[in-house]
Structures are given as structure tokens and as C-alpha cells.
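Undergrad: Sharing a model prediction with you, sequence too.
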Amino acid sequence: MPQLISTDEPVASLMPSLAQRAKLRRWRNIKDKISAYGIMAAGVAVVGSLGLIFVYLFSEVTPLLRGASVEITKTYSLPPITQSAAPVDGVAEFINLERYEEIGTVYYKNGVVQFFHAEDGSALQSEQIPQAADATFTTLATSEATHGLVAYGDNHGQVSVVKVQYDLSYPNDKRVVSPHLDFPLGEEPFALDTYKLPLKILAIQETSKGTLLSAATSDDRLILAVVATKTNPITEETTTSTDVFNLPSLPADEHVTHMQIDDAGRYLVVASDKSQIYLYNISNPAAVERNDPIAVESGNVTAMQFLVGTGSLAIGTDKGNVSQWLMVRDKNNKYHVTHVRDFKALNGAITQITPEYSRRGFWAADNKGNLGIYFGTSARTLLIKSMGSAPIAHIGLSPINGKVLLLDQTQQVSFAKVWNQHPEISFSMLWEKVWYEGRDAPDYIWQASSASDSFEAKMSFVPLALGTLKAAFFAILFAIPIGVMGAIYTAYFMTPKLRGIVKPTIEIMAALPSVILGFLAGLWLAPFLENNLPAIFSILIFTPVVMLITGFAWSQFPSAIRTRIPDGWEAAILIVPVMFTVWVCVALSPYLEVWFFHGSMRQWFTDSGIKYEQRNALVVGLVMGFAVIPSIFSIAEDAVFSVPRHLTQGSLALGATPWQTMVGVVLPTASPGIFSAVMMGFGRAVGETMIVLMATGNSPVVNFNVFEGMRTLSANIAVEMPETAVGSTHFRVLFLAALLLLALTFVVNTIAEVVRQSLRKRYSNL
Amino acid sequence: MKSFLNATLKKIALWTKNGSPWIWLNGGAVTICMLMVVGLVGLIAVRGFSHFWPANILQTSVIDNVGKQQIILAEVVRSEVIPAAVARDNGYTVATDRELITRYLMKLGNRDITSRDFMWFLEIGMSEWKYPQDAVVVERREWGNFYGYLESINENGKTVVAQGAENFWQELDARMKRSLTLHDQMTRLEKNEIGHVNNELQDLRLKHRRLELDGITGEQMLAAEAKFAEQKIILENEYAIIKKERDALAEQIKRDQLIAKTADGKEITLSFDHLVRVTRPNAMGIFAKSGQYVERFWEFVSAEPRESNTEGGIFPAIFGTLIMVIIMAIMVTPFGVLAAIYLREYAKDGLFLRIIRISVYNLAGVPSIVYGVFGLGFFVYTLGGNLDHLFYAESLPTPTFGTPGLFWASLTLALLTLPIVIVSTEEGLSRIPSTIRQGSLALGATKSETLWKVIVPLATPAMMTGLILAIARAAGEVAPLMLVGVVKLAPALPVDGNYPFVHLDQKIMHLGFHIYDVGFQSPNVEAARPLVYATSLILVLLIITLNFTAIKIRNNLREKYRSAAD
């Protein structure tokens, strides 16, 4: 036997020395700290990055809520006219800024067009519009901004039409914009009034029929001229032909103050000094009719302009009111000018209204130096700002809304920076009925983009939100009975053996990708349903009936057979009867159609006035219901299963049947859990994208018809997001939709989760 | 009779009173669930698997709605029963006493000749179905399948063997093999060699641009430019050689032609370079068909798609899905696990932690499209845009990372699946009995030692479960990917032999998106349908396997700790 402990020879201890141990301990402490801080950092980073989703979505959405701002960078006097032959009387009548925001153009009353650098007011060349020797220009009119036509009328009833062309060149890789005057209808002024009387008010518009001009003469006659230009393809010579028509004049004591022609050449709008608005139908210039006038209630009209697309008018009055008027077609196909919305008024009388180039916005100025920025469709007043003591006479807005030239009545020009990125969105635009151009009544419409420039974006969330709810509603309608009842049965009545099969199957059901469900919905179920419509209804009716019959029949079986399969296997017994029922219903479907629906149930629906689309809410309801069932099932099952055993056993011991125990004891206890299950299911249905995308036609309709499709918020994002420009209003509105979805599901899920947790606490106290 | 009725009613009343009907109805709900799941998976399996089975070709004559007779050679796709009224509305003459009619959807192929490759035919007027032994299906690289009879094999326009000759089919196989080999060589040249040269050329251009951006001028620049020019010439020569080689192959492959006849006797010449496979399904036995089946299945999972995704394989989609999921897993695992450990072990308990926990759990229920929007806005445009300006300025304005791509797709999915990993890991951590933890601490271990040497190894299966569930979720997710980097047809795989080997900026194909795209965006839905089922089948199999693995691991885990906790 070896000696265990040596007493005489001291053995060197295996334990490290004190210093080493201290070092080791220090090192371990350091490692502990590193690990702790590392984990904390990672944890906080993860939680933070999840929180970032909220923050980021918010940050993308907030610019939508911002109004506009105008910031003057430089103020200078109008450059002295460089043209030698300049007459003395140099009053600016119109000012303009080109799309690169480099060159301003000012049109003087005497027919001089002066170009200048917008940045500092230094003069470029100026040009004089040719006019007859003894003529003086009396009035000026502009066409829709995109066409850029300016018409001068003179005291001999003649008109000159000019247009500024901007030539681009890139010497030394630097962009140089050089403007020059162009005369699209010829350099020589042409006669508009056969009596050669001075023109008082003029209107011009480029239309598909040619250039339309209309004028009020000094003796209050109204004239319309259609100028058609023809270019000889070989000589490239342009010839113009002018047809002049006389229009019915205004009532005797009224005088024209403003005139506008729409860009389809359909109507002429005339405002009179008695605040009446007249609409002339000029579709056929030879037989023009004057509609009954409509009064502007809010004062005398001091400014009137068509907004881009010429579907609506912005009107300002001497009391500072600003309002928008639409061309609305009535049942007899007749147009009326209709007042649709008012904006926040300015202090003084409106002197000038300038429309924006590519959207329904406009700027207004009053005689007290205030400036207002408005947007039609969204009914927003984006900015009201006093720009100094001198009233603004003219506004020269650039086509890209980045800069503006403000010309005041002292001939001072202010060059200003503009921020007005997202005027299109307001609460009323998103959630209320909006009266859009070309419609005969206010409506909820989602139609966010189009190829056309003058398209009015219609962004109402109502069809999308309603579509989301519609899809979720039908899905939940299908999923609740099956999910909840299945959960109750699985948790309470089913044998553990069967449960071991059912629960994993439900988990697989939850894991099935929605793209596969969507594809089956769109390519298999939708056509199947269309061809076998009666089948689905008969299945809905007969399956429960067959279940009951089977159950009753089973109870009548001799007990020898019944005992072979104990309680808790009902679900398995029902497999064959249910399958048989489904098969019979499908097989009988064509016969049902022949017997009851004249051969086609779909046609029968259409005949009875119910619209039927192949990819409809029924398909979505069934398939999305399928996707939602597992969410409802597992949470409800968990809630029912966790009801403490002693409660149910007590009830059974008192003589209640299992079902009575279920209704009287289990369900009341577990009902919050079932509620939370339904909430979770709803949350899932609201956010589901692929199924809706593939199983519906994605048309944004506002109805609850089960045989029509819908467009949901999520599917809308998936469809439109890849095609929208980064940073555009549409882009941000889609972010808003995403934020809305996020908030909605977050709230719903939080409620469900809180309910569930409190339920768990309750169980542990029972 | 009356007494029997009364007795039955009494029995029913008794049966109803104790609530049995409700139990049966509840049971029925479970039955419906099960049947739906099994039916759905079964439907996909049957349709998906049967796609690869070489179907027999049938010859019959049909009468269309204007009374014209026509001989067709086709595969039956499916049939359905329609009310006679519908057929009458479409202009068919149907006997007045008929109420229902069966109609068949036939795959006629020959899209280049008839322009309609799928047509419905009514059973009325259909002659007897025949299955001619020598009818062939020719799979082609364009225009879809050809159905017909073969006449002869030509070489440079001259007949070599005619139909009926003894060695006809052997000769056909041999020549088929030759043309396929040549085609393989050609694609390899085009893809690898030419792709490589192009890549190098592109690199040179970027290097040049980089120097320009760095403001290098004068001598240095001239020297660099000279070097670039030299390299460029070398590469261009290389390219010329490869091109020559390729052109020679292209010349060779055009040697053979197949002369064939359609069912109604139209003659057509099929060049071998467009052919993929020639089979006679009617003459094949069950073993030959099984062989074909395996071959076609293998082609499906290993080949590239043809004809705007409606033919060929889905290999790029499988590969794209896998690589995306792998990158996602690499990102989500450490962060998910660390966050879970933080929440469970380090964070101070209280209301704040409860709020955070509920929020994290809830994020699992946030619609995936929201993550997609976030990924597009934040990752792609904000992060990616800035990365481009910092590191890839030479290739601007073409974005490198400022556009949807593999990395952003993976990152978005990582964010999406983060809650799943966190929840699962936390659950695993909470299941570990506190006795184990206390034991370790009592022995003098520090907190981090306890954590990393005791707790984490024990919770590994839970983390695995979380990861597998995350992968299964990610593999099936489509909506966010549509925004952040998945495309219908990627020009190249994201992994190849060119530096840096894994191209994180490249766009990828994805199984789920492939299903959406082929099923809903493709011009020929009927032709695409079987392919969509087959793709779905692959995806479903993948996901079911992953989920079952996760369930197994979790159940084992529960068993393990049930005893430890007691």
C-alpha cells in the first residue's frame, strides 16, 4: 500500500502561487466584464435596431406634414431695359423662371421681353415684340404654363403671340442656357377684331384644335379665334390660318374682368365685374352657347387662373378669399363651374394667382404684400407669409418648384428658395371624400400614378384600408370557427395520441409560405370556385350536418363497436364522412348549376346584379383563413389546455358532462386567451401580402361584396413601391401605409400579448 | 313507423342534451384542418411530382366550334365537366338532351407553327384516342415542345438516316449527345471564360476611374494609363481567341437537322442546336419512363431556366435562396442569441424590460412587407447610397450597394427573423433549471463563465430551433424580398470564380418569388403552371423538413429538462 500522505517530505503544492491566483482572478474578472458589456452592447443594439424601424418610418413620413417655406436669397431691381428703342413706359406684366432656375424673363407692357440672370439680376439681352407703327399694346395673356405662350393684344385689335425658347449647350462641360424669343404664329401681329378696336382682356390656350385666342374688346364684345398652323414638311415654312367667331356677350351692364380657355378647347370661362362666372361651350366655335352665370359669393373676382390640366380654376377675390372651382359635367353632358373648396384667405385683395407647372398647386399674392401657397386636391394652405410692405405684383415660379421670382409693385425682384415638396397630402385627402377633377361627385379613390404629366394623383387610404379590413374580415370569419373550435377540441377532448399528430401538423400549416397559398388561391382555387360555385355553398351547409349525423349514428352503434374506439377519436372518425361529403358536393356541383341556376351560377349572380370576379374576397377569405387558422389555433389551444386541471375535475366530479364543463368552466376561464388568439389572427390577416396580391385583382374598390376583389394596404405597397421615385410624395405615402400597418399590428398584437400574459398570471394564481 | 320516429327523436334529444353535437362539431373542425393541410400538401405533391412523368401522347381528331375537323397530337393536361349551356354559348352544336359535357385541356405544343400550345376540346366529335408508338416529344430551347413524327436525320441538308431504318433511334441518340456536349462547351465558354474577360475589362475601367477620382494626373496617370492599355490589349486578344473557339463550336453544332412532321402532315426542320431532348413516351416502358423521370427531375433542380422561366430548371432560384438564407443565418444567430441572453440574464427586471420584451415579441407579428419597406428605404437607399459614395465612387452613377441586392435581402430577412431567434433562445434559457445556474455560481465561477460554459451549451438546442424556424420563415418569405433584391431572372449566380467570389451586391433569384413571378407574371400561364407546382413542391419540402427538424429538437429538449426540473 503506497503511502498516502508523506509527513516528512514537503511536496510542492499544485496550487498556483498567490500572485498567479490574483492574476488569474483579475483576468477572469476582466473576462466577466467584457462578456457582460459585450452582451449588453449587442442586446441594446438589437433592441435599438428594431426600434429604428419605427424611427426611420416616422422620419420618412414627417416631410409629408411639413408646409412650404419661401426664403428670399437676394433682392434687386429689375435690370434696365437694354433694348435701345425702349419706350418710357416700362411696367412689367409677367415674370417667368425657366426650369434650370438660372434665367428669369420679364415681359413689359410695351412689348419688351427682357432676360436676366435670376441669381443676381444682371441683364441678358432683351427683345422687342414687333408691332405696328402706331399701335400700343393694351393687354397680355398667358397660356397654360407648360406651353409657355404669351399673347399681347394692342389697341388696333391685333395680337402677337410669343414663346421663349431656351437652348441648351455644354461648352467646357458646363451647362449654358440661352433664351431667345420665338413666334409660333408668325412675327407679324394678326387681326383678331375685325372692327380694329382695342383689346381689353385676352386669353390664349394651346389646344389640340390649334391655338385658341379669345378677347373682350373695348366695346364689350367677345371674340374667339382659332389659329391653325400648318408646317410645310419640305420648306418648313409655317402658315397660319385664323378663323374669328363672335361670341354672345355678357349682359348689358357687366364687363369682362378675366378670361380663361381650357386646353381641350371645350370651354371659355369668363368672370365679370359683377362677380359672375360665365361658362361658354366653345366645342363648336360657330355655335357657342353661354351657360347661366354662377355667382362668386365671397367678393369681386380679382384673379382667376386654370390650374395645370385646366380641369379646375383657382379664383381670388377682393376680400382675400381663395377658392377652387371644378368643371363638373351634369347628366346632360353639360359643364358647370362648381365651387368645391375654400382655402385660408389672405388679408388683402388677391392681385395675382400663379399655378404650378406639374401639379394642382398655386400661389396667390394680395395687395398687402402677403403670399399664399395652396394646393387644390388636398385642400391645403401650405404657407401664408408677409413678404414685405410692397405688394407682390407677379410671381415667376420655376417648373420644378425649387426657386421663385417675386416681383413687387416697386419693380423690385426677390429671388427666393422654395421648399414645397409634399403639398399633395393632407388628412382630408387620405381619409375623406375628395372631389377630383373630371368627377361628378366627391369620392374615395386610390390611383396614385399615371403616365400623364397633368395627372391628378388620387391618394385616398379609404379603399385600401377598407380592402384590408374586408380581406381580414372574411379570413377571420372562416378562421374563427375552425380555429377556435378545433383548439377547444384538441386541448380538451382529444386523446393525447391524436394530439401528438395534430399539433405538429398545425405547426406545418403555420409554416407553409404564403406565396404558395397565394399561388394555389389564384391559380387553382379561384378557377375551381368559379366553375364549382354551388359546391362551396353546399359544402358549407352539408359538412356540419354530416358531422352531426355521423355523431348521432355513432352514438347508436352497438357498444361493442363503440368501445373499440374510445372517446377523443371523433375527429378521426369524421375524416371519411367529411371527405365523402366534399366529394359528393363537388361531383354534384354541375348538376346543381343545371337544375337551379340555368347552367351557370356565376352567370346567375351576374344576372341578379351581383358583380362576380374570378379572384374575389371569397377566395381570399378561404385561403387567408387557412393561413390564419394556425395562429388562432395554437394560442387558443394553449389557453384552453392551460386551464388548471382541478377546475375541470371539480366540475366533472359534481356531475357535469364534459361539454357542460367546457361551457361552464373552461371557456369562461380561457376566454381572454381565445380573444387574444383572435386578435393575433386578425393581426396576421391585416398584414398578409402575397395571398392578397395573388388571389385578388388588386382593384381598389370600396365595397364589401364577397364576389369582388380588393386592394389591401400591404399588397398596394408591394405593387407600387418598386415603381415609385425615391423621396416623392407617393414614396412617402407608401411609407405612411407601412407605418400604419406597423402601428395597427403592433397595437393589436400588444393587446393580445398583454391579455395573454395576464391570463397566464391568473392561471398561476388559481 | 310513428313509434320508431318518436323513439329516434327521443334519442336525438338525449344525445343533444349532454352536448355531444358540439363535441362532434368541434372535432369536425379539427378534421377539416387536417384534411385541408394534407389535401394542400398532397395537391402540391401530386401536381409537382407528376410534372416530371413522361405523359403519353394521344392522337385523335376533334371538331371545333365552327365545325372544322382537325387531327391533333397532344398531351391531356386535365379535364372538366361543364354545363352544355356554356358550350352552346361558345358556338358548339350540342344535342338538346345533353346537360353536361366533358372537355379536355390539351397541350398541343408546336407554338412556332400554331401559336396556341394549349387548347380546350369538347368530347363531342372526338374520335377514338390512339397512342401511336412512334410519336415523339421534342423538347426545344425555344418555342416549347414539338409533338409529331420524325422523318429523317439530315447532315448539312443531306439525309443520313430515314425513319424506319434499323439504326435510326441509336443514330438520333448519338447525335443528340454530340450536340448537347457541344452546347455545354459553348455555354461554359460564354459564361466562364468570356465572363471572366469581361470582368477584368470592367475592373480596368474602374481602376482608371478610381485614379481619376483620386485626382492623380501627369506622369503617374500616364504611366498607369499605359499599363491599363497594355492589359486591355492582352485581354482583348484573349477574348478574340475565346470568341473564335466559340464560333467554331457554334458552326459544328449546326451540322445536324431533324426532319419532322406534325400530326396534320406539315413538315418542319428542327436544328439540333435548339434541341434538348427527343423522347417517344408511348414506346417507353415503365422503367424507361422512370429513368426519364429521374433525369427530368434532376434537370429541374440543376439546370437554368429557359424561355422566360417557363421551361428548364430552377437551379439559380434554389441557389439564390440558399445563399441568402445562409448569409442571413450568419447575421441573425449571434445577434439574436446575444440579445436573448441580454434580455434574460443581464437586463434589469421591471416594467421597462417587460415593455421591451412584449415589443420584441410583437415584432414577430409585424407584416413582413413593413420590413421590406424599411429595408428598401433604410438599407438600400440610405446605407447603400452612402456606402457607394464612400467606397464605390468609381462606378457611380451605376449603384453598387445603393440598389437592391443579396446583402440587403439577407439583412432585411435577418431583421425579420430576429424576434424568432430571440423568443426561441429566451425560452430555452428560461427552461434551464436555476439549480444548474446556482450550482455553477456556488463553485466560484463568474457570471460569464457560468453563462458561456454551462448555460449556453445547455441552451444550444433551443438556439438551433430558433435558427431553423428563422431559416424556414426566411426561405418562404417573398413580400419583403420583392423590394430589396430578388429579381425574376438574375444574369449570374451570386457566387462565382471572380474576385471577391461572393457578390453581395448582386441581385438573386428566389424560390418563392419564382413561384409568384412564373405563376402570375408569365405570358403563358398554362405552360408555366406545372413548373410552379414543381417549384412549390421543392419549397414546401424544404420548409416542412426544416420545421420537422425544429419540432424534433424542441421536443427532445423538453423531455431532457422535464426530468432535470423535477
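TA: The structure has been received and is ready for your questions. Given the structure is predicted, the values throughout are model-derived calculations rather than measurements.
Undergrad: max-length strand in the chain?
TA: Unless you meant another one, I'm taking chain A. Longest strand in chain A by number of residues (criterion: DSSP state E): strand A:158-169.
Undergrad: I was after chain B.
TA: Across chain B, the strand with the greatest residue count (assigned by DSSP E) is strand B:69-83.
Undergrad: Please enumerate residues in contact with that strand?
TA: Strand B:69-83 is touched from outside by A:531, A:590, A:593-594, A:599-600, B:55-64, B:99-109, B:118, B:121, B:125, B:132, B:135, B:137, B:147-148, B:262-264, B:526, with contacts defined as CB atoms under 8 Å, 6 or more residues apart in numbering or on different chains. For the C-beta atoms, the positions are set from N, CA and C on the backbone; glycine is no exception.
Undergrad: from the residues you listed, which would you call buried?
TA: With burial judged by 16 or more other CB atoms under 10 Å in any protein chain shown, the buried subset of the contacts of strand B:69-83 is A:531, A:590, A:593-594, A:599-600, B:55-64, B:99-101, B:103-109, B:118, B:121, B:132, B:135, B:137, B:147-148, B:262-263.
Undergrad: list the buried ones in the longest strand of chain B?
TA: Residues of strand B:69-83 classed as buried: B:72-77, B:81-83 (neighbour count, 16+ other CB under 10 Å).
Undergrad: Partner strands of it, with direction?
TA: Listed by DSSP bridges, the sheet partners of strand B:69-83 and their directions read strand B:58-63 (antiparallel), strand B:100-107 (antiparallel).
Undergrad: what's the first one in contact with?
TA: With CB under 8 Å, 6+ apart as the contact definition, strand B:58-63 has outside contacts at B:69-76, B:121-122, B:124-132, B:135, B:263.
Undergrad: tell me the average confidence for that strand?
TA: Strand B:58-63 carries an average pLDDT of 87.
Undergrad: swap in the longest one?
TA: For strand B:100-107, mean pLDDT is 87.
Undergrad: residue ranges for the helices of the stretch 1-150 of chain A, please.
TA: Here the stretch 1-150 of chain A has its helices, by DSSP state H, counting those that start in this stretch, at A:18-61.
Undergrad: And for the stretch 451-566 of chain B?
TA: Under DSSP H, counting those that start in this stretch, the stretch 451-566 of chain B gives helices at B:456-476, B:479-484, B:511-521, B:525-565.
Undergrad: In terms of secondary structure, what does the second one contact?
TA: Helices and strands touching helix B:479-484, by 3 or more CB pairs under 8 Å, 6 or more residues apart in numbering or on different chains; DSSP states H and E, are helix A:713-720, helix B:368-374, helix B:406-431, helix B:511-521.
Undergrad: Just the closest residue of the stretch 251-400 of chain A to chain B, please.
TA: Residue nearest to chain B within the stretch 251-400 of chain A (CB to the nearest CB): residue A:400, separated by 19.5 Å.
Undergrad: ok, now which ones touch that residue?
TA: Shown in contact with residue A:400 (CB under 8 Å, 6+ apart): A:99, A:101, A:357.
Undergrad: residue ranges with poor pLDDT in the stretch 301-450 of chain B?
TA: Applying pLDDT under 70 to the stretch 301-450 of chain B picks out no residues at all.
Undergrad: Helices of that one, residue ranges please.
TA: Using DSSP H, counting those that start in this stretch, helices in the stretch 301-450 of chain B cover B:315-341, B:351-363, B:368-374, B:385-391, B:406-431, B:434-442, B:447-449.
Undergrad: tell me which strands and helices the third one is in contact with?
TA: Yep, that's helix B:368-374 we're talking about. Applying 3+ CB pairs under 8 Å, 6+ apart, one finds that helix B:368-374 contacts helix A:18-61, helix A:667-687, helix A:713-720, helix A:729-765, helix B:406-431, helix B:479-484.
Undergrad: Any idea which of the ones you listed gets closest to residue A:288?
TA: Shortest distance between residue A:288 and those, using CB to CB, is found for helix A:729-765: 39.3 Å.
Undergrad: buried residues in that closest one?
TA: Here helix A:729-765 shows A:729-742, A:744-746, A:748-753, A:755-756, A:759, A:763 as buried, counting by 16+ other CB under 10 Å.
Undergrad: same thing with stretch A:499-507?
TA: Under 16+ other CB under 10 Å, the buried positions of stretch A:499-507 are A:499, A:502-503, A:505-507.
Undergrad: Residue A:475 sits in which helix or strand?
TA: Assigned by DSSP states H and E, residue A:475 belongs to helix A:461-488.
Undergrad: how far does that helix sit from the chain's center?
TA: 24 Å (CA atoms, centre = their mean, to the nearest Å).
Undergrad: That helix and chain B, any residue contact?
TA: Yes. Counting by CB under 8 Å from any CB of the partner chain, chain B is contacted by helix A:461-488 at A:481-486, A:488.
Undergrad: Which secondary structure elements does that helix sit against?
TA: helix A:427-431, strand A:446-447, helix A:617-641, helix A:667-687, helix A:713-720, helix A:729-765, helix B:20-50.
Undergrad: Between these, which one is closest to residue B:87.
TA: Nearest of the helices and strands packed on helix A:461-488 to residue B:87, taken as CB to CB: helix A:617-641 at 25.3 Å.
Undergrad: so that closest one versus helix A:667-687, what angle?
TA: Helix A:617-641 runs at 140 degrees relative to helix A:667-687, counting by axes from the mean of the first three to the mean of the last three CA atoms, to 10 degrees.
Undergrad: closest to chain A among the buried residues of strand B:69-83?
TA: Among those, residue B:83 lies closest to chain A (CB to the nearest CB), at 3.9 Å.
Undergrad: contacting residues for the residue most central in space within chain A?
TA: Centroid-nearest residue in chain A: residue A:459, 2.8 Å away (criterion: CA atoms, centre = their mean). With contact set as CB under 8 Å, 6+ apart, residue A:459 has these partners: A:424-425, A:429-430, A:446, A:448, A:730, A:733.
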